[in-house]
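S.K.: From the sequence below, what's the structure:
(one chain, ligands or ions: 3)
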Amino acid sequence: MPSIFAYQSSEVDWCETNFLHSELVAEFYNTFSNVTFFIFGPFMMYLMHPYAQQRNLYIHGVWVLFMAIGLFSMYFHMTLSFLGQLLDEIAILWLVASGYCIWMPRSYYPTFLRKNRVHFTCLTVIITIVSTFLSFLRPTINAYALNSIAIHILYIVVQEYKKTNNKELRHLIQVSVVLWAVALTSWVSDRLLCSFWQQINFFYLHSIWHVLISFTFVYGTVVMALVDAEYEMPGQMLKVRYWPRDTWPMGLPYVEVRSDNKNC
Ligand SMILES: CCCCCCCC/C=C\CCCCCCCC(=O)N[C@@H](CO)[C@H](O)/C=C/CCCCCCCCCCCCC
Ligand SMILES: [Ca+2]
Ligand SMILES: [Zn+2]
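M.R.: Ligands and ions are numbered 1, 2, ... in the order given. Down below sits the predicted model:
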């Protein structure tokens, strides 16, 4: 039985040809396409700092986990080791869990929790600890299980889309869903249609997934911050801004906190 650190000890192997560009890096493009996690992580931490100060400083932990995913994902694609695979998947699990604890609107909590965020956080942490142990049992299904969490997030986002008249929020939800749908199509296609992609020498779908899912996460956090603020930050208004310019057709969204003076 190979060591968990050994190159190619994972049962998962992505469509990109192994060791094509280097003897040390198994999947070159899949490894270096994780660079977006290292760029967006610290940058979003900086842009969202005023919001985190007002709402909850634990939000910075989300960006730390996001960067940890980039690091573990790089290690995984570089080695295709079992340890790399598990670290990557467990970090994703904890990122999703921390997103739930911070931003899940109370109206979606199970009724027995009576809209208590502390109790919801405890329940989420217990489920996440159990899932962390379960992830060792059938490692090949972990990624599919993680992707299926998107169905629940999508349900919440669609409900909030139907409720809101906020044009900025509606636009951000539309962009997030399109980004996520294209990202997921790339991920699934790399997994299931690899022989076709190899015939036409196009091995980049999983790299495209890395870039698109990191953009989805940035857009998704701004969506959740706006939804959450409607319930949890009365008297304060969140204004959506884009880096580097609000007027550019593409940019990184973030929120600015303003006092709501409509009662003055
Ligand atoms: C109210 C709750 C809000 C919680 C928001 C949490 C959203 C999490 C979104 C993105 C997570 C980023 C995951 C990046 C993974 C990158 C590493 C990677 O590629 N790993 C692969 C192996 O290399 C692995 O196979 C990937 C597994 C699948 C991970 C799926 C994560 C769930 C994505 C859920 C996105 C829902 C977005 C819906 C937007 C409207
Ligand atoms: Ca490969
Ligand atoms: Zn990956």
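S.K.: how close does Arg170 get to ligand 1?
M.R.: 13 Å (C-beta to the nearest ligand atom, to the nearest Å). For the C-beta atoms, the positions are set from N, CA and C on the backbone; glycine is no exception.
S.K.: which residues does that residue contact?
M.R.: In this structure, Arg170 makes contact with Tyr161, Thr164, judged by C-beta atoms under 8 Å, 6 or more residues apart in numbering.
S.K.: Next, it: secondary structure please.
M.R.: Look at Arg170: counting by DSSP: H, G, I helix; E, B strand; the rest coil, its state is helix.
S.K.: Show the pLDDT at the residue in the chain positioned nearest to ligand 1.
M.R.: Scanning the chain for proximity to ligand 1 using C-beta to the nearest ligand atom identifies Gly99 as nearest, at 2.7 Å. Among the per-residue scores, Gly99 holds a pLDDT of 98.
S.K.: Thought Thr221 was touching it, still the case?
M.R.: Yes. Using C-beta atoms under 8 Å, Gly99 makes contact with Thr221 at a distance of 7.5 Å.
S.K.: Quick check: neighbours shared by the two?
M.R.: When C-beta under 8 Å, 6+ apart defines a contact, the residues bordering Gly99 and Thr221 alike are Val62.
S.K.: Between these two, which is the more surrounded one?
M.R.: Remark: of Gly99 and Thr221, Thr221 carries more neighbours, 24 against 21, as counted by other C-beta atoms under 10 Å.
S.K.: Is Met237 located within a strand, as I assumed?
M.R.: Yes. For Met237, which was evaluated using three-state DSSP, the result is membership in a strand.
S.K.: can you tell me how far the residue of the chain closest to ligand 1 sits from Ser189?
M.R.: 26 Å (C-beta to C-beta, to the nearest Å).
S.K.: likewise Arg114?
M.R.: 43 Å.
S.K.: out of the two, which sits in the more crowded spot?
M.R.: Residue environment comparison for Arg114 versus Ser189 gives the larger neighbour count to Ser189, 17 against 10, counting by other C-beta under 10 Å.
S.K.: Find the nearest non-adjacent residue to the more buried one, please.
M.R.: Take Ser189 and drop its neighbours on the chain: the residue closest to it by C-beta to C-beta, 6 or more residues apart in numbering is Leu205, 5.4 Å away.
S.K.: is the lengthiest helix in the chain anywhere near ligand 2?
M.R.: Secondary structure of the chain read by DSSP state H shows that its longest helix is helix 205-232. No. Helix 205-232 does not reach ligand 2 (C-beta under 5 Å from the ion); its nearest approach is 8.7 Å.
S.K.: Now do the contacts for the spatially closest residue to Ile59 that is not a sequence neighbour.
M.R.: Closest residue to Ile59 in three dimensions, ignoring its sequence neighbours and counting by C-beta to C-beta, 6+ apart: Ala52, at 4.1 Å. Residues in contact with Ala52 (C-beta under 8 Å, 6+ apart) are Met45, Ile59, His60.
S.K.: now do 10 Å
M.R.: When the contact criterion is C-beta atoms under 10 Å, 6 or more residues apart in numbering, the partners of Ala52 are Met45, Tyr58, Ile59, His60, Gly61, Val62, Trp63, Ile102, Ala225, Val257.
S.K.: What does the pLDDT read for whichever residue of the stretch 51-200 of the chain sits closest to ligand 2?
M.R.: Ranked by C-beta to the ion, the top residue of the stretch 51-200 of the chain for proximity to ligand 2 is Leu80, at 6.9 Å. The predicted local confidence for Leu80 comes out at a pLDDT of 98.
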